[in-house]
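Q: Pasting the sequence and the predicted coordinates here, then a few questions.
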Amino acid sequence: MKTKSILATGVLASASMLLSACGGGESTGIEPKEMADALHSVMEADRTVYTRLIVNRLVKEEKVIKASEHWKDEQALVLPAQMFRYGAERVAEKGAAFSYSLLSSWPVNKQNKPKTDVEVKGLKFIEENPGKNFYGEEKLGDTTYFTAVYPDVAVAPACVSCHNGHKDTPRTDFKIGDVMGGVVIRIPVKS
Amino acid sequence: MQLTGDDKTVFLPGETTHGHHQIEMACAACHTDPLGGGEVLQEACMNCHGAELKVADDSHPKSKFTDPRNADRVAKLDARQCITCHTEHRPEITNAMGVTVSDDVCYVCHSDIADDRPSHAGMEFDTCASAGCHNFHDNRGLYEDFLIKHLHEPANLASQSVPATSEKSVLLSLAHYPIDRYPARKLSLKERDAPVSVRDDAKIAHDWFDTAHSEAGVNCTACHEVTDETSNVSWIDNPDYTVCLTCHKQQVEGFLAGKHGMRLAQDLSPMTPAMAKIPMHKDAANKELNCVSCHKAHRFDTQYASVDACLGCHTDEHSKQYKGSPHFTLWQKELNGTGKPNSGISCATCHLPASETKVGDKLYVHSQHNQNDNLRPNEKMLRSVCMSCHGLEFAIDALADRDLINTNFNGKPGIHVESLDLAEKRKREADKRGVEGM
């Protein structure tokens, strides 16, 4: 894949400056892949921590509270997938240029199935190649994006039991360690 | 171009919607920057409507459409901007709720819904919202799991009681209430501190003495004295809403956000029934709306404000039929002591319902004074009002029946909305498969 430079944004510029400062040299910018990988490492860490230490512990192990899609009405914990999406919405509301989403070939909400060509290819790739990421480029609207797709793996019993038992799930045989879907990160680049 | 004169009618590009016509002379309320484009208008929309969309758990927030994966949808329908569906000054294409796109708008993105919901196959493409099943923004009373939770409820619940406000128990402890100026203790008639020139009006004195104001230590000068920029204190005979705001913040803010007070919020003259686009009594045409026009100064009679104040102006079919309705009978019973507390249904019960606001660590239940808040669309009344007394199915059907609304709910719904039936059918199918979550 040929090198692309990231369109300037406040968030990305700050990250670039930070990396540059750590390196002690002149700023040479940051490659979209590095940026996407860095963003994903934070997302994955937070997502795993929330799933294991909050939801799985309190719902499955200590059984002190429920987690529910209708958390406000049910006075319950926000589901891990919702936690992730709410974060993505907050980022979007702040006007950040990059965006991210959680998709699956077996989505509970059909709006979250892969839709663009890169999403379809990317999801298929990460499902067939455990442990590997997919990187591509696509033009959506008037903008070209560097699009990265990372495997979203079942990290706790709560993940599989909730998805396997949901009335809207198209798949009921998920196991711990399975790729259940993919995190898609998009960064606008100069075409 | 200077937009400084009072009459800016010449600049109106077309008739303004029923939601905004009152403030159409305050051009800058929406056109905050004469050189600005869509972003400026979007900000203006959100300034007034953003908070309620948050509360409503907006089903189609802007963030859904700024996601690049929805660029193809945005190309067909730019739902990032409110004005895509709510274009102002276009009366020829304006429908209910100020919607200016056709009824099949949902089809733009959800044409394949039958793949996911086979029960929806064959449904007309313009019925998603018009059949009483879905709303674009607020689906808090319509989502599937909520419907299932409330299957087979009787039309009239065993316990029928509307939420009580917590004025007496909470108001005085709220952070914005000036308790230091008005220590909470009952004042005597002798203690009233009005100047001699107005002090001898016995009716005013007794009206005040009988109210919560004297109970809570709110003396005459609390409302009638104002301090100007040079710290001069003077007496005013007719305090306006800014005085009420001192203690009744949530109520006044609601009033200013609704059709009764939105002109005052824009520094225009008060709303009068003559300006209304719905039927009003001719003899009330020039009555100016402010806090005391409904609450009556000094008496602050909430019973009057709950029914008679409304019917003093409103004369549409729904209002005219109220006193022949079962709701009014319940209201009378509560007032004459034969009905339980909070069992009566006044105009205000439904249109200015009890609303919860978290103030610091306190939960303050107060009357929502934006009477439009739960009318856009009317399914917003399901949870805030109807379900205190009625089963969900009955309530959804009743709100979908325009004729029944016109009789002020004197009878049974003549319309049946299928949503609960469909939800129950899917639940049965899920139960057969032995899956959880329903």
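A: Cool, the structure landed.
Q: Need the three-state assignment for A:Ser101.
A: strand (DSSP: H, G, I helix; E, B strand; the rest coil).
Q: what residues are up against the closest residue to B:Glu215 other than its chain neighbours?
A: The shortest distance from B:Glu215 to any non-neighbouring residue, by C-beta to C-beta, 6 or more residues apart in numbering or on different chains, is to B:Lys186 (5.4 Å). Every C-beta, even on glycine, is put in place using the N, C-alpha and C of the backbone. Listed by C-beta atoms under 8 Å, 6 or more residues apart in numbering or on different chains, the contact partners of B:Lys186 are B:Ser214, B:Glu215, B:Gly217.
Q: For those residues, pick the one with the most neighbours.
A: Within the contacts of B:Lys186, neighbour counts (other C-beta atoms under 10 Å in any protein chain shown) peak at B:Ser214, which reaches 22 neighbours.
Q: A:His40 sits in which helix or strand?
A: In this assignment (DSSP states H and E), A:His40 forms part of helix A:32-49.
Q: Kindly report the same for A:Pro188.
A: Here A:Pro188 sits within strand A:179-189, counting by DSSP H and E.
Q: which strands and helices sit next to that strand?
A: helix A:32-49, strand A:99-103, helix A:117-128, strand A:134-140, strand A:143-153, helix A:157-165 (3 or more C-beta pairs under 8 Å, 6 or more residues apart in numbering or on different chains; DSSP states H and E).
Q: Include distance to chain B, mean pLDDT and mean neighbour count when you put those into CSV, please.
A: Below are the helices and strands packed on strand A:179-189 laid out as CSV (distance: least, C-beta to the nearest C-beta, whole Å; pLDDT from 0 to 100; neighbours: other C-beta atoms under 10 Å in any protein chain shown):
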stretch, distance to chain B, mean pLDDT, mean neighbour count
helix A:32-49, 14, 97, 16
strand A:99-103, 5, 98, 21
helix A:117-128, 7, 98, 18
strand A:134-140, 4, 98, 17
strand A:143-153, 6, 97, 23
helix A:157-165, 4, 93, 20
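Q: Dump stretch A:56-67 to CSV, restricted to CA.
A: Coordinates of each C-alpha in stretch A:56-67 appear next as CSV, following Å, rounded to 0.1, in the frame of the first residue of the first chain:
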residue,chain,number,x,y,z
ASN,A,56,-18.6,-10.0,33.5
ARG,A,57,-17.6,-9.6,37.2
LEU,A,58,-20.7,-7.9,38.4
VAL,A,59,-23.2,-9.7,36.2
LYS,A,60,-21.8,-13.2,35.8
GLU,A,61,-19.6,-13.8,38.8
GLU,A,62,-20.9,-11.7,41.6
LYS,A,63,-24.4,-11.4,40.2
VAL,A,64,-25.1,-8.1,41.8
ILE,A,65,-26.6,-6.2,38.8
LYS,A,66,-27.9,-6.8,35.3
ALA,A,67,-26.5,-5.5,32.1
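Q: What pLDDT is listed against residue 19?
A: Answering for chain A, as no chain was given. Predicted confidence (pLDDT) for A:Leu19: 43.
Q: my bad, chain B
A: Looking at B:Gly19, the pLDDT reads 94.
Q: what's near enough to touch it?
A: B:Gly19 sits in contact with B:Gly98, B:Asn372, where contact means C-beta under 8 Å, 6+ apart.
Q: Could you report the distance from it to chain A?
A: The gap separating B:Gly19 from chain A is 25 Å, by C-beta to the nearest C-beta, to the nearest Å.
Q: quick one, what contacts the spatially most central residue of chain B?
A: The residue lying closest to the centre of chain B (C-alpha atoms, centre = their mean) is B:Asp373, at 2.2 Å. By C-beta under 8 Å, 6+ apart, the residues touching B:Asp373 are B:Glu52, B:Gly254, B:Ala257, B:Gly258, B:Ser355, B:Lys380.
Q: List phi and psi for A:Gln82.
A: When read as degrees, to the nearest 10, the backbone of A:Gln82 gives phi -70, psi -40.
Q: Could you look up the SS state of the closest residue to it other than its chain neighbours?
A: Take A:Gln82 and drop its neighbours on the chain: the residue closest to it by C-beta to C-beta, 6+ apart is A:Glu69, 6.9 Å away. Assigned state for A:Glu69: coil (three-state reduction, three-state DSSP).
Q: tell me the contacts of A:Glu69?
A: Listed by C-beta under 8 Å, 6+ apart, the contact set of A:Glu69 reads A:Leu79, A:Gln82, B:Asp145.
Q: filter the residues you listed to the buried ones?
A: A:Leu79, B:Asp145 (16 or more other C-beta atoms under 10 Å in any protein chain shown).
Q: got a markdown table for the contacts of A:Glu69, with distance to A:Val42 and pLDDT too?
A: Formatted as a markdown table, the contacts of A:Glu69 follow (distance: C-beta to C-beta, whole Å; pLDDT from 0 to 100):
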| residue | distance to A:Val42 | pLDDT |
| --- | --- | --- |
| A:Leu79 | 20 | 97 |
| A:Gln82 | 18 | 96 |
| B:Asp145 | 32 | 95 |
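Q: Out of the contacts of A:Glu69, which comes closest to A:Pro157?
A: Relative to A:Pro157, the closest of the contacts of A:Glu69 is A:Leu79; by C-beta to C-beta it sits at 14.3 Å.
Q: The closest one: what's it in contact with?
A: A:Val55, A:Ala67, A:Ser68, A:Glu69, A:Trp71, A:Cys162.
Q: Quick check: B:Thr407 touching B:Ser319?
A: No: counting by C-beta atoms under 8 Å, B:Ser319 is not a contact partner of B:Thr407; they are 11.7 Å apart.
Q: of the contacts of B:Lys186, closest to chain A?
A: Set against chain A, the nearest of the contacts of B:Lys186 by C-beta to the nearest C-beta is B:Glu215 (35.3 Å).
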